[in-house]
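1. Return atomic coordinates for the entry below.
(chains A, B, C and D)
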2 protein chains.
Amino acid sequence: MANDQLSVTFAALCDPTRRAIIAHLAGGERSVTELAEPHAMSLPAISKHLRVLEQSGLIERSRDAQRRPCRLKPARLKEAVDWLEEYRKYWEQSFDRLEAYLQELQAGKRALDGKKRPAGDQPDKRKRPASRKAP
Amino acid sequence: MANDQLSVTFAALCDPTRRAIIAHLAGGERSVTELAEPHAMSLPAISKHLRVLEQSGLIERSRDAQRRPCRLKPARLKEAVDWLEEYRKYWEQSFDRLEAYLQELQAGKRALDGKKRPAGDQPDKRKRPASRKAP
DNA sequence: TCGTTATTTAACCTAACGGTTAATTACTAA
DNA sequence: TTAGTAATTAACCGTTAGGTTAAATAACGA
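-> A predicted model of the protein is given here:
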């Protein structure tokens, strides 16, 4: 896996067990055993997941007697959402189009006179590179 | 890898080449060769990345003569962001705390009389994160 | 000190990932 | 029909991810 932060974060998030752990930790600090309890797998497996989460910066662990309580560290989640937010306009645009379509349906209009073309729908004629070179 | 949609989406996003392709496609429809051009790897490698993106539902492909133009399909990005938004309050809370701290520093206050956000709170309140609030 | 609880480490296994090169398919143009 | 362009498939390879069991470590409590 690539080692840039965003790749590490998304890689940590792509396992459902780890996402469940994050959701669990949203309820506050939890011990390893508590985090393991809902999952049908061994403690070492959970321990590995926690290690991944810790190394990705999504959680941190402290010490309380024998326990190693974990807590959420949300900064990396913010980074991920910041990346995704760049594309918000695209899904909102799709929604707008759907909404417009539904309004048309409701109005019973068949002839679309002033049909506007939403941005990002560019036909985009650009030069095509002849052939690529593999290093 | 798990086959639930969110896992598939995050797995697709955890490769920097694939994220770059998504960013590239934000500029509109692109052919495989165009998408491959900025990357120092073979066309089959790009083809595999595109397959991952297509199967995850992040892009779709059509046919234009020999070309297979790709375009962004943002719905899955929205699902990912929706999951992450559940945690927005956590990073905003952290930010609030930092802000409060900085304000304290600037004011030179030592006694915190009207402290609104106690640190390290939520001991064991199991609550589901609520929906996102508008910024 | 001894046993118990909590957690991690070690060693191992299998499947999947991300890349390669060579061959193949799909389509166009001459 | 033939040559050329665009992209995919096939076969392969090394590394890593995610799980296992067994053993080790850390801290407590009697």
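2. show me the residues around residue A:67 that make contact.
-> With CB atoms under 8 Å, 6 or more residues apart in numbering or on different chains as the criterion, the residues that contact residue A:67 are A:31, A:32, A:33. Heads up, the C-betas are built off the backbone N, CA and C, glycines and all.
3. Residue A:41 too?
-> Per CB under 8 Å, 6+ apart, neighbours of residue A:41: residue A:17.
4. Redo the contacts of residue A:67 as JSON lines? Include distance to residue B:67, pLDDT and secondary structure.
-> Formatted as JSON lines, those follow (distance: CB to CB, whole Å; pLDDT from 0 to 100; DSSP: H, G, I helix; E, B strand; the rest coil):
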{"residue": "A:31", "distance to residue B:67": "55", "pLDDT": "98", "secondary structure": "coil"}
{"residue": "A:32", "distance to residue B:67": "52", "pLDDT": "98", "secondary structure": "helix"}
{"residue": "A:33", "distance to residue B:67": "55", "pLDDT": "98", "secondary structure": "helix"}
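5. so which of these is the most crowded?
-> residue A:32 (19 neighbours; other CB atoms under 10 Å in any protein chain shown).
6. So, low pLDDT: which residues of chain A?
-> A:94-102, A:104-105, A:107-135 (pLDDT under 70).
7. Show me which residues of it sit near DNA strand D.
-> Residues of chain A lying close to DNA strand D (CB under 7 Å from any atom of the strand) are A:1, A:11, A:14-15, A:17, A:40-42, A:44-45, A:48-49, A:52, A:63, A:65-66, A:128, A:130-131.
8. change it to 10 Å
-> Listed as neighbours of DNA strand D in chain A under the rule CB under 10 Å from any atom of the strand: A:1-3, A:7-8, A:11-18, A:36, A:39-49, A:51-52, A:55, A:63-68, A:128-132.
9. What ranges does chain A have for its helices?
-> Per DSSP state H, chain A carries helices over the ranges A:5-13, A:16-25, A:32-36, A:43-55, A:75-85, A:88-107.
10. Minimum distance to residue B:27: which of those helices has it?
-> helix A:88-107 (11.3 Å; CB to CB).
11. got the contact list for the closest residue to residue A:25 other than its chain neighbours?
-> Excluding its sequence neighbours, the residue lying closest to residue A:25 (CB to CB, 6 or more residues apart in numbering or on different chains) is residue A:72, at 4.4 Å. Counting by CB under 8 Å, 6+ apart, residue A:72 makes contact with A:22, A:25, A:26, A:58, A:59, B:87, B:90.
12. still on that earlier bit, out of the contacts of residue A:67, which comes closest to chain B?
-> Nearest to chain B among those is residue A:31, at 11.5 Å by CB to the nearest CB.
13. what residues are up against residue A:14?
-> B:1, B:2, B:7, B:8, B:9, B:10, B:11, B:13, B:14.
14. Same list, the helices of chain A, but as JSON lines with distance to residue B:106 please.
-> Shown next, in JSON lines, are the helices of chain A (distance: least, CB to CB, whole Å):
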{"stretch": "helix A:5-13", "distance to residue B:106": "30"}
{"stretch": "helix A:16-25", "distance to residue B:106": "32"}
{"stretch": "helix A:32-36", "distance to residue B:106": "39"}
{"stretch": "helix A:43-55", "distance to residue B:106": "33"}
{"stretch": "helix A:75-85", "distance to residue B:106": "23"}
{"stretch": "helix A:88-107", "distance to residue B:106": "34"}
